[in-house]
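*Asks:* Just need the structure, nothing else, for what follows:
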Amino acid sequence: MNNRGQHTILLTGVNGQVGFELERSLQGLGRVVAFDRGSLDLADLDQVRQVVRDVRPALIVNPAAHTAVDRAESEPDAAMQLNAYAPEVLANEAKRLGALLVHYSTDYVFDGTKDGAYVEDDPVNPQNAYGRSKLAGEQAIVASGCAHLIFRTSWVYGARGKNFLQTMLRLGAERDELSIVSDQIGAPTWSNTISALTSNVLSEVLAGDMDWWGQDSGIYHLTASGSTSWYGFAEAIFERSTLRRKPKLKPTTTESYPTPAARPANSRLSNQKLFKTFGVRAPNWDEALDLCMESRIYRREVHPVT
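*Replies:* Below you'll find the model as predicted:
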């Protein structure tokens, strides 16, 4: 990493659920120059390239993505543009500047057939267009040769954006009964957990020896600890909800609830590499959910009034 722009962090997707949290957690690590979709259109690769050259950051943090998994099946080119081609430009510009690129990927790069938790070196085999686009982004970043941290996460939820937590609370206020898939397993991961662990890792990186890159630049799994099903996640949400009238939950199968995009049955990711390298450990998914449901942000922005 060069010293020019050493304290400048370029952050994309600042209005998204992870980007919103990152803008706050990255404070203190440097001067954060944040962009939303209106000020940086990742589909415009020339603009992406020019913005990086204008800002000249030491760190590029890229949580922005095409995250509409089912819609990606009908618009795979748009998913590739945001999830693969834009990260490739960011990676090439990071390489040119000597900057570090932090990028976020997904459990959907795997096919979900493994019995245990996936590790970073397990064979990838995405089963939907979204997963293929995210894998292409990973591969482009690695191929660029830039210093990089690619964090694969899963089942992201929070107080902003479209996610399972908000959907459950909205539907729970409208319906008496909800059918929830019970045969897909993963780790619901709060967007605040992702941003906090990212900041912890970057604090260590910035304080350390810059020779670090030759050894530890790479892909890391970053999810909440533990696992549950979507049904179990829904149960936990409503147990903590203050809805006056809570819906009856009915478990169902993936086969009985078809979606345009195939989902892996097993989305569990092992965080051991992250812990061994940086010494950071994610909270259990239900403990993080407790904090999310108790937070002021949650009560102001997520919880419906009934």
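
*Asks:* Tell me where this protein has strands.
*Replies:* 8-11, 31-34, 59-62, 100-106, 147-153, 156-157, 177-181, 185-186, 189-190, 218-221, 228-229, 248-252 (DSSP state E).

*Asks:* Okay, buried residues for the second one please.
*Replies:* Yep, that's strand 31-34 we're talking about. Across strand 31-34, burial judged by 16 or more other Cβ atoms under 10 Å covers Val32, Val33, Ala34. C-beta here means a position set from N, CA and C on the backbone, and glycine is covered the same way.

*Asks:* Which residues does that strand contact?
*Replies:* His7, Thr8, Ile9, Leu10, Leu11, Val14, Gly19, Glu23, Leu26, Val55, Pro57 (Cβ atoms under 8 Å, 6 or more residues apart in numbering).

*Asks:* returning to what we had before: format the buried residues of strand 31-34 as TSV; extra columns: distance to Glu120 and pLDDT.
*Replies:* Output for those, formatted as TSV (distance: Cβ to Cβ, whole Å; pLDDT from 0 to 100):
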residue	distance to Glu120	pLDDT
Val32	28	97
Val33	30	97
Ala34	29	97
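
*Asks:* Please tell me how far the residue nearest to Thr223 when sequence neighbours are not counted sits from Tyr157.
*Replies:* Nearest residue to Thr223, sequence neighbours excluded (Cβ to Cβ, 6 or more residues apart in numbering): Ala187, at 4.2 Å. Using Cβ to Cβ, to the nearest Å, we find Ala187 at a distance of 11 Å from Tyr157.

*Asks:* same thing with Ile185?
*Replies:* To Tyr157, Ile185 is 16 Å away according to Cβ to Cβ.

*Asks:* do Gly145 as well
*Replies:* 34 Å.

*Asks:* These two: who's more crowded?
*Replies:* When neighbours are counted by other Cβ atoms under 10 Å, Gly145 and Tyr157 differ, and Tyr157 comes out ahead with 26 against 12.

*Asks:* Across the sheet, point out what pairs with the more buried one.
*Replies:* Trp190 (DSSP bridges).

*Asks:* what do you get for Thr228?
*Replies:* In this structure, Thr228 bridges to Gly186 when assessed by DSSP bridges.

*Asks:* now the buried residues of strand 31-34 in JSON lines, with distance to Glu93?
*Replies:* Converted to JSON lines, these look like this (distance: Cβ to Cβ, whole Å):
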{"residue": "Val32", "distance to Glu93": "18"}
{"residue": "Val33", "distance to Glu93": "14"}
{"residue": "Ala34", "distance to Glu93": "17"}
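
*Asks:* So which of these is the closest to Thr106?
*Replies:* Closest approach to Thr106 among those (Cβ to Cβ): Ala34, at 22.6 Å.

*Asks:* What about the closest residue to that closest one other than its chain neighbours, how many residues nearby?
*Replies:* For Ala34, ignoring the flanking residues on the chain, the nearest one in space by Cβ to Cβ, 6+ apart is Val14 at 4.0 Å. Residues within reach of Val14, counting by other Cβ under 10 Å, total 22.

*Asks:* Verify the stated contact: Val14 with Glu23.
*Replies:* Yes: applying Cβ atoms under 8 Å as the test, Val14 and Glu23 come out as touching, 5.2 Å apart.

*Asks:* mind listing the helices in the chain by residue range?
*Replies:* 17-25, 45-55, 76-80, 86-97, 129-144, 164-174, 191-207, 213-216, 230-240, 272-278, 285-294, 296-301 (DSSP state H).

*Asks:* Does anything pack onto the first one? Which helices or strands?
*Replies:* Yep, that's helix 17-25 we're talking about. Using 3 or more Cβ pairs under 8 Å, 6 or more residues apart in numbering; DSSP states H and E as the contact criterion, the elements in contact with helix 17-25 are strand 8-11, strand 31-34, strand 156-157, helix 191-207.

*Asks:* Quick one: buried ones out of the contacts of strand 31-34?
*Replies:* Neighbour-count burial (16+ other Cβ under 10 Å) is assigned, among these, to Thr8, Ile9, Leu10, Leu11, Val14, Gly19, Glu23, Leu26, Val55, Pro57.

*Asks:* could you check the distance from the second one over to Phe151?
*Replies:* Taking Cβ to Cβ as the measure, Ile9 falls 16 Å from Phe151.

*Asks:* The fifth one too?
*Replies:* According to Cβ to Cβ, Val14 and Phe151 sit 17 Å apart.

*Asks:* likewise the third one?
*Replies:* Distance from Leu10 to Phe151, counting by Cβ to Cβ: 17 Å.

*Asks:* on that earlier part again, can you redo the contacts of strand 31-34 as JSON lines with pLDDT and distance to Gly208?
*Replies:* Rendered in JSON lines, the data for the contacts of strand 31-34 read as follows (pLDDT from 0 to 100; distance: Cβ to Cβ, whole Å):
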{"residue": "His7", "pLDDT": "75", "distance to Gly208": "16"}
{"residue": "Thr8", "pLDDT": "95", "distance to Gly208": "19"}
{"residue": "Ile9", "pLDDT": "96", "distance to Gly208": "17"}
{"residue": "Leu10", "pLDDT": "98", "distance to Gly208": "21"}
{"residue": "Leu11", "pLDDT": "98", "distance to Gly208": "21"}
{"residue": "Val14", "pLDDT": "95", "distance to Gly208": "27"}
{"residue": "Gly19", "pLDDT": "96", "distance to Gly208": "25"}
{"residue": "Glu23", "pLDDT": "97", "distance to Gly208": "24"}
{"residue": "Leu26", "pLDDT": "96", "distance to Gly208": "17"}
{"residue": "Val55", "pLDDT": "97", "distance to Gly208": "24"}
{"residue": "Pro57", "pLDDT": "95", "distance to Gly208": "19"}
